[in-house]
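**Q** give me a model of this one.
(3 chains)
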Amino acid sequence: MGIGSFFTSKLDEAIGWARKYSIFQYPFVTACCGMEYMATACSHYDIDRFGAGLPRFSPRQADVLFVVGTISHKMAPVLKRVYDQMTEPKWVVAFGVCTCTGGFYNNYATVQGIDTIIPVDVYIPGCPPRPESVIDGLMKLQDKIATQTQRY
Amino acid sequence: MAETTRREFMLGEGSGTGSGSQNLHVGMGPAHPAMHGIIRITTELDGETIVKADVEIGYLHRAFEKDCEEGGYNNAIPYTDRLNYVSPLINNFGYCAAIEKLLGIDVTERCKYIRVIMSEISRICDHLTCIGASAMELGAFTVFLYMIKAREFLWELVEDVTGARLTISYGRVGGVKADLPDGFSAKTTKAFKETREVLDEVHRLLTGNRIFLDRMVGLGALSREETIAYAITGPLLRAVGVPYDVRRAQPYDVYDRLEFEIPTQKDGDNFARYLVRMAEMEQSMRIVEQALARIPGGAINVDAAGRPIDPAAYVDLGKQGKTEGLLLVPITLSPNLQGQQRAALERVNVHDKRVVLPSKETTYGSIEGLMNHFMLIMEGSGIRPPLGEAYAAVEGANGELGFYVVSDGTDRPYRVRCRPPCLPPMAALSRMIEGGMVADLIPTFGSVNMIGGELDR
Amino acid sequence: MDGAAVLDAIRQRADVVETHAHRGDATVVVTRDALPRVLALCRDAPALAFDMLMDLTAVDYLKYPGREDGPRFEVVYHLYSLVHNHRVRIKTRVDEDDAVVPSAVGLWPSANWFEREVWDMFGVRFSGHPNLMRLLLYEEFVGHPLRKDYPIDRRQPLIGPAQ
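**A** Okay, the predicted model is just below:
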């Protein structure tokens, strides 16, 4: 292993560590899951402990898109547009079973999983997921951020 | 460059040179940072004043009414949870009330009390979320944290009873899923103590707060006549001085036997709506306390020696394999799980084999019970109301929540229509915000308490 | 006033097709031509004074036993009176090829969005409506999903795969 790759891998780790604890999320809240998102974000469960406490309500300032709640076909172009406006590096969390697969809304109005429209990094199932599973999903995302090849 | 040309260049094309100023069109939503809901408001602005506003909804249309037609009568209950997802229990009971009216049955006394108690706890959760979120949008983040803290205490109660925090599916046609757990009354007292402390703090933070008053008083007002003409009910109607409340006007369950007031205000502005909601939470707690004091029936869970036992401890014993003696007792699990104990189920459900599932003891213990269970579960069987139609209304957190159900005599509803309480105020939202400043749109929208699941269904 | 008295008061002053009070819900069925007059009567007669149009919806009777050949749609009005604390349900029936009902926006502004929703979901038109556009679905959507012959899983996505 040359000295160059040693530095690169260590730098990757350092950047991964920094990115992992400075998640600026964009909560794309549409439905019921928003209630559990509120509960997770507030004092009882406090996702600030994971460095993800500050929602940025502008896609241009956010790294992680939390898609919280059912996406209907009417809403799908809006979601795509918000995703496209985010700058790299970016990650997407599908929060709740409606965003994962469409859930029990198997009908003309709902998108059957947001991964038909945008790529997804972490799926958090549940209808809605309990705050504990949201935190678990967030930690999985942190692991993913920390260990992936960093682009900078 | 000639003077005139330069001016025109600076003003740019289409800026209305020569013919005065031109209005600016600004779209807000459906994904807007300061609005906790997905609607789109297209505004026409003159400076910062809204001249015209156009509200577009439907971004959360999930085909509730079509989904209901696809399954049996009880299968629609999970969908009703997700109508007004801040107070799902009220939706459950409203839907069940419509089916029960169609069937012509009446639920048991204990069940009525349970429905009242759980509805009122939901109503408090709804108002807490509404006020918390709209205060947050005005910058009062502390209030939001406090309100969600209080809601968390209440959700723990809900979880104790139903087994879930939010989407609870607790109502059943002809009753409820299960009886109240042991020690519920004491836990409620504790949770209400915490909630009252929070409300007290919020009163001190907001009600006399100059910044809050400046953003709320006199804004978003609707006259009494207009409110009625738009069929707006609930806190918004009571904020213009009309004491209409389904719980009082057409009492259902046991509301006619409980004492409570219907808070009203006169001005119909955002601040009046806030005051009505704050007062209603106190009344709801009063109702729950009275109902808990009067609810008939006793302890439901006992151990092998007949002593009352905590359901969780019971499950723990079983996990450790300590089941000797316990198996002989009729109850084997938590009352939160459906159908474990005949006596508890009989207290909360109607005694009607056409509607209510038999207890597990009966199902597994007798051929009649097994057949009864099959007849309600198998496709093509199930609850079959007679041909006809019924409309039943309950007081939701946002106003009159009505269900209009048409039956064709089969085991599936022919048509389920939900009268969403927050659709009429959204239809009138443009009337509330036109003529105001664009920044005042936010508190007005917050005071309407739009809930997407219920609005778009 | 109780349900029977409300029905009597309407029957006396207007042409009605039938009335019933199944499960205590006073119901009046009127022809489409008589509808505007009946609605205006309900709102303006002091003894009735239905000042709120609580709900307006429709039902598709295409597959209802015994009504497959009759008029397909039924438009349903739920009225409530704050003054007298009573309710009534008014219904009118229309055929599929002539699914037009006079609008009630002039009487109650709350009819505006309810009528748009009925147009969106059932394809029943309301003559005289100021802005009869889809309320919940998007303009690109073809068909009316709450009709009984619209399959629940016929998707019409704006972006993304069709299934």
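**Q** contacts only, for B:Arg82.
**A** A:Ala31, A:Cys32, B:Arg62, B:Phe64, B:Pro88, B:Thr167, B:Gly453 (C-beta atoms under 8 Å, 6 or more residues apart in numbering or on different chains). All C-beta spots, glycine's among them, are computed from the backbone N, C-alpha and C.
**Q** check A:Gln148 too.
**A** A:Gly16.
**Q** ok, it to C:Tyr138 distance?
**A** Counting by C-beta to C-beta, to the nearest Å, the separation of A:Gln148 from C:Tyr138 is 37 Å.
**Q** cool, B:Arg123 as well?
**A** Using C-beta to C-beta, one gets 34 Å for the distance from B:Arg123 to C:Tyr138.
**Q** between those two, tell me which one has more neighbours.
**A** Each of B:Arg123 and C:Tyr138 has its neighbours counted (other C-beta atoms under 10 Å in any protein chain shown); B:Arg123 has more, 27 against 18.
**Q** so that one touches B:Arg277, yeah?
**A** No. In this structure, B:Arg123 is not within contact of B:Arg277 by C-beta atoms under 8 Å, at 9.6 Å.
**Q** got the phi and psi for the closest residue to B:Asn209 other than its chain neighbours?
**A** Nearest non-adjacent residue to B:Asn209, counting by C-beta to C-beta, 6 or more residues apart in numbering or on different chains: B:Ala140, 7.9 Å away. Listed backbone geometry of B:Ala140 is phi -90, psi 70, with angles given as degrees, to the nearest 10.
**Q** neighbours of B:Ala140, just the number please.
**A** Using other C-beta under 10 Å: B:Ala140 sits among 21 other residues.
**Q** surely A:Leu65 is within a helix?
**A** No. Per DSSP: H, G, I helix; E, B strand; the rest coil, A:Leu65 lies outside any helix segment and is strand.
**Q** just grab the bridge partners of it for me.
**A** A:Tyr26, A:Val92 (DSSP bridges).
**Q** show me the contacts for it.
**A** Contacts of A:Leu65 (C-beta under 8 Å, 6+ apart): A:Gln25, A:Tyr26, A:Phe28, A:Pro59, A:Val82, A:Tyr83, A:Met86, A:Lys90, A:Trp91, A:Val92, A:Val93, A:Ile118.
**Q** rerun that using 10 Å as the cut-off
**A** Neighbouring residues of A:Leu65 by C-beta atoms under 10 Å, 6 or more residues apart in numbering or on different chains: A:25-28, A:59, A:79, A:82-83, A:85-86, A:90-95, A:114, A:118, A:120-121.
**Q** on the pLDDT front, check it for me.
**A** What the model reports for A:Leu65 is a pLDDT of 91.
**Q** pLDDT below threshold where in chain C?
**A** C:163 (pLDDT under 70).
**Q** what does chain A give?
**A** In chain A (pLDDT under 70), the answer is A:1-8.
**Q** what about the strands in it?
**A** A:25-29, A:64-68, A:91-95, A:122-124 (DSSP state E).
**Q** now do chain C
**A** Counting by DSSP E, the strands of chain C are C:18-20, C:27-30, C:52-60, C:73-81, C:86-94, C:100-102, C:125-127.
**Q** around chain C, which positions in the stretch 301-450 of chain B sit nearby?
**A** Taking C-beta under 10 Å from any C-beta of the partner chain, the part of the stretch 301-450 of chain B that reaches chain C is made up of B:385-393, B:399-400, B:402-404, B:406-410, B:414-415, B:417-420, B:423-424, B:426-428, B:431.
**Q** restricted to helices, list these.
**A** B:Leu423, B:Pro424, B:Met426, B:Ala427, B:Arg431 (DSSP state H).
**Q** okay if I get these as TSV plus pLDDT, neighbour count and distance to chain A?
**A** Output for those, formatted as TSV (pLDDT from 0 to 100; neighbours: other C-beta atoms under 10 Å in any protein chain shown; distance: C-beta to the nearest C-beta, whole Å):
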residue	pLDDT	neighbour count	distance to chain A
B:Leu423	91	27	16
B:Pro424	92	31	21
B:Met426	91	22	16
B:Ala427	91	22	18
B:Arg431	89	18	24
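**Q** from those, which is closest to chain C?
**A** Distance to chain C, by C-beta to the nearest C-beta, is smallest for B:Ala427 among these, at 4.2 Å.
**Q** could you pull out the helices for chain C?
**A** C:3-13, C:35-44, C:111-122.
**Q** among those helices, which is nearest chain A?
**A** Here helix C:111-122 is closest among the helices of chain C (C-beta to the nearest C-beta), at 11.1 Å.
**Q** helix/strand/coil for B:Arg151?
**A** helix.
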